[in-house]
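> next one to model:
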Amino acid sequence: MVKLRGKLYPLAPWAAGVLIALVGTPAWAVDLKTADGAWTFSIDGNVNVDYIYSNCESSTTPAVAGGLACLGSASGSNVSNIGNGLLPAAFTFAVSTTQGGYDLSAHLGLFPGIATNDGGSPNLQQGTTNGSSNTALGTTGLDVRQVYMTFGNKDVGTFTFGRNFGLFGFDAIINDMTLPGVGVAGSASSAAPANTTLGSIGLGYIYVDTLAQMDYTTPDFSGLNFTIGIFDPINAAGHGDTVAPKKAPGFHGKAAWTMPINSTTKFYGSVTFIEQKQDYIGAAGPYSWDGTGVDVFAKIDVQDFEAFAYYYHGSGLGTTGLFVLSDDGLGNKRDSDGFLVQATYKVGQVKFGVNYGESKLDYANAADQAANPALVSKNKKVTGGVYDSLTKNLTLLAEISDVHADAHNGVSNHSTNFNIGAFLSF
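Numbers count the residues shown, from 1 in each chain. Now for the predicted structure:
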């Protein structure tokens, strides 16, 4: 449950306040009630903008396949961009009521950006000219990430049906201090900037993604709850073979525990799993593999100090995004793992923080190694940030990130990026 201005909304615990809890700065929803008081309509969201400067690896250096350190071009290695950070702007709408003892709600999340985009997903630009859609007469894209409903109560638990953020990797990204900022620049270091940056995605955790799903979350048992669900299976990226219809949905689940230790100290921990089968039809016939993953998250809050540690392991799950570089193209699974550690401390209205993360990817077998010598072995980064809560809704921030991408064959790419900007929540 999440409480907005005295009203309760039945959200699954892992999804509650995705734009409120994400940034550590309160967002105050605009609430409207029907004349009879039966229904409540709310609006909240954010607008964020950053100047992002990147110093990339020389274009003469061989690229790491799947590496997240940026490469320069023949014209130079420095790139400037003004755009959104890890989050696009957001306008989220909700309606809620209680009927027959059940709390009901429906949610719609619209996520526009400010980067010029030629259609399609704000992060998968289409119709580019000379490698960029950032040209005159363009407009930004709109990303509809959330369309879901919830129903239940404190005694029976909560059902969440629709498109919403997944379970695997959620606690890592929701607690990533770079969420209101930029973290690693990603496409903001290129000629075709998208509406979001990487933060620590692919550099400590796999992106949680938004999935069409049907989940059930148990009632709270002294701070402990469980979520189990199914989701619409997604295809592996980069395959040239024919995608076969999936025979079963994907499965995910989570156990989360919140424990107040005393008036100033609180512990939170979680364990999550994910599983989905991939099916393809190649020249030699059908083939498939099971992608699986598990992650563990632990966080401690002591007054103005917060710290967490996160670890994941995947088999046939990939790196950076779900089922990205997850196999050798023939159904042989690549293993992956990674971690992110972070500490922040608040002095008055200013929060100082640092995090460090690594994501690793293994070959499937010797043939994979021979065919893909420049495949990324490790993406790693360190980010330092300062976040000034100028008001309860306006945060000014500055970050610097140092990024390394290492290939299995010894090639390495290195880049740094700096950003300064503002995050306004409402």
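
> beta partners of residue 309?
residue 298, residue 341 (DSSP bridges).

> next, count neighbours for it.
15 (other Cβ atoms under 10 Å). For every residue, glycine as well, the C-beta is placed using N, CA and C.

> isn't it right up against residue 339?
Yes - applying Cβ atoms under 8 Å, one finds residue 309 in contact with residue 339, separated by 7.1 Å.

> just checking, residue 380 touches residue 357?
Yes - the pair residue 380 / residue 357 is scored as a contact, 6.7 Å apart, by Cβ under 8 Å.

> now do the shared contacts for the two.
Here residue 380 and residue 357 have residue 203 as joint contacts, going by Cβ atoms under 8 Å, 6 or more residues apart in numbering.

> more neighbours, these two?
Using other Cβ under 10 Å, the more surrounded residue of residue 380 and residue 357 is residue 357, with 26 against 19.

> buried residues, the one helix or strand residue 289 maps to. List them.
In this assignment (DSSP states H and E), residue 289 forms part of strand 285-302. Within strand 285-302, the residues that count as buried by 16 or more other Cβ atoms under 10 Å are 287, 289, 291-295, 297-301.

> other SSEs contacting it?
If you count contacts as 3 or more Cβ pairs under 8 Å, 6 or more residues apart in numbering; DSSP states H and E, strand 285-302 packs onto helix 170-175, strand 265-282, strand 305-315.

> for the longest one, which helices and strands make contact with it?
Helices and strands in packing contact with strand 265-282 are listed as helix 170-175, strand 242-243, strand 250-262, strand 285-302; criterion 3+ Cβ pairs under 8 Å, 6+ apart.

> let's go with 10 Å and repeat that
Taking 3 or more Cβ pairs under 10 Å, 6 or more residues apart in numbering; DSSP states H and E as contact, the helices and strands that strand 265-282 lies on are helix 170-175, strand 224-231, strand 242-243, strand 250-262, strand 285-302, strand 305-315.

> then the shortest one?
Packing partners of helix 170-175 (3+ Cβ pairs under 10 Å, 6+ apart): strand 250-262, strand 265-282, strand 285-302, strand 305-315, strand 335-347.

> next SSE downstream of that helix?
Following helix 170-175 in sequence, per DSSP H and E, is strand 210-217.

> on that earlier part again, what is in contact with residue 309 and residue 339 at once?
172, 296 (Cβ atoms under 10 Å, 6 or more residues apart in numbering).

> rewinding a little: what angle do the strand holding residue 289 and strand 265-282 make?
Interaxial angle of strand 285-302 relative to strand 265-282 (axes from the mean of the first three to the mean of the last three Cα atoms, to 10 degrees): 170 degrees.
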